[in-house]
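J.: Kindly generate the corresponding structure for this input.
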Amino acid sequence: MGNIFAGSEVVELGIQIEKNGRDFYSVLIKQAHAEKAGNIFKYLASEEEKHILVFQKLLSGLEKYEPPQIYADDYVAYMKALAVEHIFTQPEKGKELAQKTKNDKEAVDLGIKFEEDSIVFYEGMKKVVPDFDIKTVEQLILQEQEHLKKLVGLKASL
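T.: Residues are numbered from 1 along each chain as shown. This is a model prediction of the structure:
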């Protein structure tokens, strides 16, 4: 297909991001010092699991879909840069980062970065999914924004 991401490739990256997020929060549940932190990490792990299912459903409809060629070089470079810079695009990265956290505050800071990066990546994803899937991606962005608010609130209480 040339040098442009297929919509399916971007959604597959979304699945990997969510899997790493799930793994990240799952490890943090066990490491949490504050009960409130543990409860929020548990909630976020279950939310990431739901997002994996949503992305898998999106992926099944994208098998033959390729985004329009109008997004050529600049857009490809942008999405590749986002994918490379996103903390959680590499397998097992979520567990690895969670295991290195020293306390709840550090874990929350990493979670905030993860959620912010995910929002930016999913905003870009809207350009490579078919029009009928844009609403689904927008709903995921809203959910990620809610996760971000929860983490910021938790950080303030630690």
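J.: which residues does D104 contact?
T.: Neighbouring residues of D104 by C-beta atoms under 8 Å, 6 or more residues apart in numbering: 32-34, 37, 158. From N, CA and C alone the C-beta is placed, and that goes for glycine too.
J.: quick one: which of these is nearest K126?
T.: Checking those against K126 with C-beta to C-beta, the nearest one is A37 at 31.8 Å.
J.: Please point out which parts of the helix or strand where that closest one lies sit buried.
T.: In this assignment (DSSP states H and E), A37 forms part of helix 35-62. Neighbour counts over helix 35-62 (16 or more other C-beta atoms under 10 Å) mark 37-38, 40-41, 44-45, 47-48, 51-52, 54-55, 58-59, 61-62 as buried.
J.: Over to stretch 132-149?
T.: Result for stretch 132-149 [16+ other C-beta under 10 Å]: buried residues 133, 136-137, 140-141, 143-144, 147-148.
J.: cool, stretch 116-135 as well?
T.: Those would be 117-119, 121-122, 124-129, 133, for stretch 116-135 by 16+ other C-beta under 10 Å.
J.: for the record, mean pLDDT for that stretch?
T.: Mean pLDDT, stretch 116-135: 83.
J.: Stretch 61-71 too?
T.: Mean predicted lDDT for stretch 61-71 stands at 58.
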